[in-house]
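Colleague: only geometry, no sequence info:
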């Protein structure tokens with residue numbers, strides 16, 4: 001019987017046979033205890049499924065269904081929790097709507113509402129998330145036929161901030177000893193703050209002057225190999241033996257994120273990005289002072305700061321890397 005009652009529910013339930021692409025019959029509550037209304041729900045569901053099976057009409061899916069599937073398929077992303085926060089903010093605008101009801105007018109409304117309370121760049125992150133979900137619903141899940149087109153805000157170019165040798169020396173004086181070591185190591189290697197803070201001795205080879213960051217700890221998910229120059233080696237030699245597993249510690253415990261800032265930097269705190277850009281300036285392309293983007297990772301095997309081709313090494317890491325050749329480092333010692 002396609003319309004029936006259950007002992008654990010006051011509502012009528014509907015059961016319809018599976019159609020093409022389904023392995024189980026459809027069973028769901030009609031949401032009403034009135035049999036006449038339940039019969040109307042049943043007839044509407046049956047007609048929609050007949051159109052889907054016989055005429056190839058796609059079933060309609062809601063924004064909530066797309067969000068649940070998106071979160072399940074992207075739980076590996078480093079920004080997974082950030083995506084959840086964005087989706088919670090978007091729920092009052094998109095919750096309860098079918099995907100084919102989301103058009104440019106609705107997205108533009110979200111765009112300008114978000115821009116009122118945040119920067120244009122932040123608003124663009126919300127719009128990009130909406131577009132990613134709709135594109136996957138169209139291209140991979142085949143839930144909708146098209147994705148509405150909408151434009152993002154134009155963002156101004158961000159300021160590239162690098163530290164001069166004099167500023168870096170002053171910053172080191174502002175920082176406590178354990179953070180000064182991290183800052184010096186960051187400038188020497190160009191690594192992100194999280195990679196420096198969580199660095200373990202098992203990934204460091206002092207004899208070969210080399211370290212690597214496993215893919216699970218790297219931003220792009222790929223292993224990252226880094227040759228070490230004398231500046232980085234001096235830090236590692238000084239810290240060797242202080243902790244069994246971690247390179248950088250404070251009072252015998254792993255270091256938490258720094259919040260100490262230097263007043264003469266306009267309230268800016270020491271950050272991994274500032275250190276990486278300073279490393280790019282220090283070891284960057286000759287005759288291009290202050291240009292960090294061509295050498296944000298001057299110590300990686302993807303290229304060379306001196307313009308030499310990238311070396312090839314075996315999977316067993318038998319190649320001995322040479323220290324990165326940049327400008328003289330006397331001013332940092």
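Modeller: Yep, it's here. The model shown is predicted, which means the values in this text are computed figures rather than measured ones. Residues are numbered from 1 along each chain as shown.

Colleague: what's the single longest strand in this structure?
Modeller: Taking DSSP state E as the criterion, the chain has its longest strand at strand 9-16.

Colleague: centre of the chain to the next helix or strand after it, how far?
Modeller: Using DSSP states H and E, the next helix or strand after strand 9-16 towards the C-terminus is strand 26-29. Its chain's average C-alpha position is 38 Å from that of strand 26-29, according to CA atoms, centre = their mean, to the nearest Å.

Colleague: now do stretch 34-53
Modeller: With CA atoms, centre = their mean, you get 43 Å for stretch 34-53.

Colleague: list the buried residues for it?
Modeller: Residues of stretch 34-53 classed as buried: 38-39, 41-42, 45, 49, 52 (neighbour count, 16 or more other CB atoms under 10 Å). The way it works is simple: take the backbone N, C-alpha and C, and place the C-beta from them, glycine included.

Colleague: can you map out the strands along the chain?
Modeller: Counting by DSSP E, the chain has strands at residues 3-6, 9-16, 26-29, 204-205, 210-213, 224-227, 249-250, 253-254.

Colleague: of all these, which one comes closest to residue 121?
Modeller: Comparing the strands of the chain by their distance to residue 121 (CB to CB), the top pick is strand 224-227, with 26.5 Å.

Colleague: pLDDT averaged over that closest one - what is it?
Modeller: Confidence over strand 224-227 (mean pLDDT, whole number) is 89.

Colleague: what about the stretch 201-333 of the chain, any weak spots by pLDDT?
Modeller: Filtered on pLDDT under 70, the stretch 201-333 of the chain yields the residue ranges 256-333.

Colleague: try the stretch 51-200 of the chain
Modeller: Applying pLDDT under 70 to the stretch 51-200 of the chain picks out residues 55-57, 158-162.

Colleague: for it, which segments count as helices?
Modeller: Under the criterion DSSP state H, counting those that start in this stretch, the stretch 51-200 of the chain contains helices at 63-73, 80-94, 104-117, 120-139, 165-174, 177-189, 193-197.

Colleague: deepest of the ones you listed, which one?
Modeller: Highest mean neighbour count among the helices of the stretch 51-200 of the chain (mean count of other CB atoms under 10 Å): helix 177-189, with a mean of 22.

Colleague: check contacts around the residue in the chain sticking out farthest from the centre.
Modeller: What lies farthest from the middle of the chain is residue 36; by CA atoms, centre = their mean that is 50.9 Å. Taking CB atoms under 8 Å, 6 or more residues apart in numbering as the criterion, residue 36 is in contact with no other residue.
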